[in-house]
Each structure stands twice: as structure tokens, then as C-alpha cells.
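> coords below, sequence missing:
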């Protein structure tokens, strides 16, 4: 195993982990407020389309990222209203988002660009090297010469760890996911926190999708999210509902994804579909080994009725 191979795997791992990290952090913020949202796949899909469309129209990838975040947040408000205000089942409406959002994205793409249009492409977000650090031997070009979205993803993890563990607002936020009725007696606006969690969840998942069409791929294609929403759910469980744990889980799944891509180009006589299974096999194994050892927030997925307080 030579240095070039290791370098390529590390670089690919970071690139593959970033969209997972945004989407997994979206679920972390959602579940910490007691909202189990399995509609991440759909939210990322509309984010990917929104990011691509505005980046293509304006030539500004940052506006594309913002549009992806807004699209994800807007779509997630459907889930929020149904589950918070109407006290509907979280799983049912999360799955509804997974069915509705990708189909809506596909329809909007065909209306906007036309069914017979040629392949539309954009210029990807350029990398920005961190002075001094980017010149470090070996790891410099791999970790410190990335797109700003990579740095933003890792900064989000640090902020999340501080927010949930060191701030009063973060502790109040977690209280809503653990004991919403007790939190309400302390004056915490439980309904408001839950709606805020859905806004954050939609925006971050949308950003994860927008990353795929502004930093990873030059075009939008149906199925570009490729199951990352479901892998992100596994990453939250694997990460024990903590920011640092989710980061480690996403790097692990990013490594699995990087390996399957690398192995596809090797001539080993194995069908490439076998290698494509690696991230999903890893997901099943993780859920089997660690999924039942610790549950999430106690009020996860449970309806909150203010009048029953």
C-alpha cells in the first residue's frame, strides 16, 4: 500500500464524509428536540436541486448553498406542522417527505430545464487553502486545502459540542427532547423549540444536498443523494447522539464510500455492484452491533400535547 493510495483514500474520505456530516447533524438537532425525522433523503434531494438551480442561474455557488438550505427548511415545515401541531406519527410523515420531495425535485428540474435539454453543468466551488497549515507534510494538502464547506462542516461539529454541553440554551434544547412536560414547567417554549429544530434540520439537510451539486458533482441527477439520508440516520445512532460521535461515524461511513469507489477502478474481477454495497453493509452492521445498546432522547418521536401538561 503506497503513499499515493493512502492519500487518495483520505482525501476521498473527507469529501464523502462532508455531505453525510451535514445531514447527520440535521438529524442530531432534530432528535435532540424529540423529533425523529427519517425524511432526510427527501430533504437532501430538494436541497441538491435548489443548490444546483440557483448556482446554475446566477453562477454563484454560495447562493446555491443558501437556496438548498432554504428549500430543505421549507419542505421540512410540512413535516413540522403535521407532527408538532397535528401530533401525527413522525415515521409516517418522514417517509412521506422521502416519497414527495425527490419526486417534486425531479418535476421541477424537468419544468425548469426541459425534458429534452442537454446535460446542464456548473463550476464547482473552488478550494481554499489555510495558510501555513496547507504546507504541512502529507496532511496539509489533504485536510487544509479544501472547499469552505468542508471547514464549515467541521466547525459545525465544534459549535454543536459546545452548544449542547456548555450553554444554557443547549441544555434547555436537550430538555425538550428528554422531558418536554418538565421543560414546559420551567418556562421553556417546547413548541417553539420543536419548530426551531425542524428549521435547523431542514436547512442542514438541504445544505448537505446542495454540497453534492456545488462541491462534489457538476450537475444534478435523479438519485444523487444515493441513500445518504438513511446512512446519516445510522451515523446519529452510531455516534450516540453527540457531535463528536456523529463526526467519527460520518468519517467511518465516508471511508467505506471512498473504498468502494477506489475498489471499483481496480481490476480484481469482481462486479462493481458488489463494491457499491459496502457503505450499506457497513450501515446494517453498525445498527446491528451498536443500535440497541443505547436509546436516544427519551421523548423521541412522542407527540407533545400542551393541554396534557
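That came through fine. Computed from a predicted model, the values in this text were never measured in an experiment.
> for the closest residue to residue 91 other than its chain neighbours, helix, strand, or coil?
Nearest residue to residue 91 in three dimensions, chain neighbours excluded: residue 38, at 6.1 Å (CB to CB, 6 or more residues apart in numbering). For every residue, glycine as well, the C-beta is placed using N, CA and C. Here residue 38 is coil, with the state taken from DSSP: H, G, I helix; E, B strand; the rest coil.
> is it true that residue 38 touches residue 95?
Yes - look at residue 38 against residue 95 with CB atoms under 8 Å: they come within range, at 6.3 Å.
> From the centroid of the protein, which residue is nearest?
residue 23 (0.9 Å; CA atoms, centre = their mean).
> Could you measure from that one over to residue 228?
Applying CB to CB, to the nearest Å, the value for residue 23 to residue 228 is 6 Å.
> so what sits against both of the two?
Taking CB atoms under 8 Å, 6 or more residues apart in numbering as the criterion, residue 23 and residue 228 both touch 40, 44, 208.
> State the phi and psi torsions of the last one.
Note on residue 208: its backbone torsions stand at phi -60, psi -40 [degrees, to the nearest 10].
> Residue 235 versus that one, what's the distance?
12 Å.
> So between these two, which is more surrounded?
A count of neighbours by other CB atoms under 10 Å puts residue 208 above the other of residue 208 and residue 235, at 33 against 30.
> roughly how far apart are that one and residue 45?
Residue 208 sits 10 Å away from residue 45, taking CB to CB as the criterion.
> before we move on, what about residue 59?
From residue 59 to residue 45 the distance is 23 Å (CB to CB).
> Show me which of those two is the more surrounded one.
Just comparing residue 59 and residue 45: by other CB under 10 Å the higher neighbour count belongs to residue 45, 34 against 11.
> quick one, what contacts that one?
101-102, 105, 209, 224-225.
> per-residue confidence at residue 118?
You'll see residue 118 listed with a pLDDT of 66.
> for residue 7, same thing?
Value for residue 7, per-residue pLDDT: 81.
> ok, it touching residue 139?
No - using CB under 8 Å, residue 7 is not in contact with residue 139; the gap is 9.3 Å.
> Apart from its neighbours in sequence, what residue is nearest residue 50?
residue 71 (3.5 Å).
> Just confirm that neighbour contacts residue 48, I think it does.
No - the pair residue 71 / residue 48 is not scored as a contact, 9.0 Å apart, by CB under 8 Å.
> where does the stretch 51-200 of the chain have low pLDDT?
For the stretch 51-200 of the chain, the stretches with pLDDT under 70 are 116-118.
> Show me where the stretch 1-150 of the chain has its helices.
3-31, 40-58, 61-80, 90-113, 139-143, 148-166 (DSSP state H, counting those that start in this stretch).
> closest one to residue 262 among these?
Smallest distance to residue 262 across the helices of the stretch 1-150 of the chain (CB to CB): 6.3 Å, for helix 3-31.
> Centre of the chain to stretch 151-167, how far?
Distance of stretch 151-167 from the chain centroid (CA atoms, centre = their mean, to the nearest Å) equals 15 Å.
> ditto for stretch 223-235
8 Å.
> list the buried ones in it?
224-226, 228-235 (16 or more other CB atoms under 10 Å).
> residue contacts, residue 233?
Taking CB under 8 Å, 6+ apart as the criterion, residue 233 is in contact with 24, 27, 38, 40.
> How much space separates it from residue 36?
9 Å.
> Quickly list what's touching both of those two.
Counting by CB under 8 Å, 6+ apart, nothing touches both residue 233 and residue 36.
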